[in-house]
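*Asks:* Structure, please.
(one chain, ligands or ions: 2)
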Amino acid sequence: MKKISPSVLDVPKNNLISYITQLTEWGVNNVHYDVMDNKFVPNSALTFEEIKSVYENCPKHIMDIHLMVEDVELYYEMYKNIGDILTFHYEAMDKEKLTSLIAKAKKDNVKIGLAIKPSTNVEVLRPFIKDLSLSLIMSVEPGFGGQKFMEISYDRVKELEGIIKEEKSAAIIQIDGGVKQENIKYCFEAGVNLAVVGSYLVKNFSKQTVDDLLTK
Ligand code: DX5
Ligand code: ZN
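*Replies:* Ligands and ions are numbered 1, 2, ... in the order given. The predicted model follows:
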């Protein structure tokens with residue numbers, strides 16, 4: 001599977017609904033929503049009301065919600081009925097909290113993803129990988145769009161792919177941060193299934209860009 005999940009972090013808020021509607025008309029059926037609490041990262045992003053309004057007003061699509069937050073339980077409860085996959089950060093909780101989050105999500109039938117920052121060892125995902133629907137390698141420090149892709153990420157994706165195979169997990173691999181035409185091909189070659197594309201697509205918003213990202 002090679003797909004893109006456009007991040008709408010840098011889309012002007014008054015244009016959000018039409019941007020996403022247009023994407024779905026072009027056949028894109030995953031969209032990436034960034035949520036920030038100004039604690040886990042020094043920034044804020046989409047609010048619950050904005051994401052709910054997308055949920056209510058845009059054509060149906062897979063909403064992957066990237067929660068860069070400290071209070072995992074609070075945000076889990078907030079988004080569990082809206083998001084199709086809720087991705088939290090490994091660094092935001094201890095093992096105990098993570099284990100109980102996974103158990104709760106299983107019971108609620110909610111798909112969970114786990115993200116790691118560029119400096120976090122990929123091996124930390126191994127004990128949880130079987131229970132995850134998605135694993136996210138951050139290719140920039142989380143918090144802001146428009147940063148430069150870290151080249152080390154290719155090796156990290158390959159390492160994660162190895163872990164997924166060894167553990168016989170069905171988790172997909174997502175990459176997030178600095179993805180654009182010049183590097184997406186190498187991300188897919190390394191093993192990425194779902195590439196988040198933020199500012200590059202906002203700046204070059206056309207069906208041609210979407211098609212090129214997936215084929216060139
Ligand atoms: C950054 C966010 C990303 C961001 C990606 O912390 O998680 O999803 O929107 O934007 P680009 O593609 O511009 O790096
Ligand atoms: Zn993100």
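*Asks:* near ligand 2, which residues of this structure?
*Replies:* D34, H66, D176 (Cβ under 5 Å from the ion). Any C-beta I mention is one placed from the backbone N, CA and C, and that applies to glycine too.
*Asks:* and which of those residues is nearest to K158?
*Replies:* Proximity of the residues of the chain next to ligand 2 to K158 (Cβ to Cβ) peaks at D176, which lies at 16.8 Å.
*Asks:* what is that closest one paired to in the beta sheet?
*Replies:* M138, V196 (DSSP bridges).
*Asks:* what residues are up against it?
*Replies:* Listed by Cβ atoms under 8 Å, 6 or more residues apart in numbering, the contact partners of D176 are S7, H32, H66, A115, L136, I137, M138, S139, V140, P142, V196.
*Asks:* how near is the third one to S206?
*Replies:* When Cβ to Cβ, to the nearest Å is the yardstick, H66 and S206 sit 24 Å from each other.
*Asks:* neighbour count winner among these two?
*Replies:* When neighbours are counted by other Cβ atoms under 10 Å, H66 and S206 differ, and H66 comes out ahead with 30 against 11.
*Asks:* My reading is that that one lies in a helix. Confirm?
*Replies:* No: counting by DSSP: H, G, I helix; E, B strand; the rest coil, H66 is not found in a helix; it is strand.
*Asks:* show me what contacts it?
*Replies:* Contacts here follow Cβ under 8 Å, 6+ apart; on that basis H66 touches S7, H32, Y33, D34, V35, T87, G113, A115, L136, D176, V196.
*Asks:* rerun at 10 Å
*Replies:* With contact taken as Cβ atoms under 10 Å, 6 or more residues apart in numbering, H66 is in contact with 5, 7, 9, 32-36, 45-46, 83, 85-89, 113, 115, 134, 136, 138, 142, 174, 176, 196.
*Asks:* swap in I152?
*Replies:* Here I152 is in contact with P118, S119, I137, S139 (Cβ under 10 Å, 6+ apart).
*Asks:* Mind giving me the ChimeraX select for those, buried ones only?
*Replies:* In ChimeraX, this line selects whichever of the contacts of I152 come out buried by 16 or more other Cβ atoms under 10 Å:
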select :137,139
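*Asks:* got the residues of the chain next to ligand 2 as CSV, with pLDDT columns?
*Replies:* Below are those laid out as CSV (pLDDT from 0 to 100):
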residue, pLDDT
D34, 98
H66, 98
D176, 98
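*Asks:* who in the protein is up against ligand 1?
*Replies:* Along the chain, the residues adjacent to ligand 1 under the rule Cβ under 6 Å from any ligand atom are 7, 9, 32, 34, 66, 140, 142-147, 176-179, 196-200.
*Asks:* Could you pull out the helices in this structure for me?
*Replies:* 16-25, 48-57, 72-79, 95-108, 153-166, 181-190, 199-203, 207-215 (DSSP state H).
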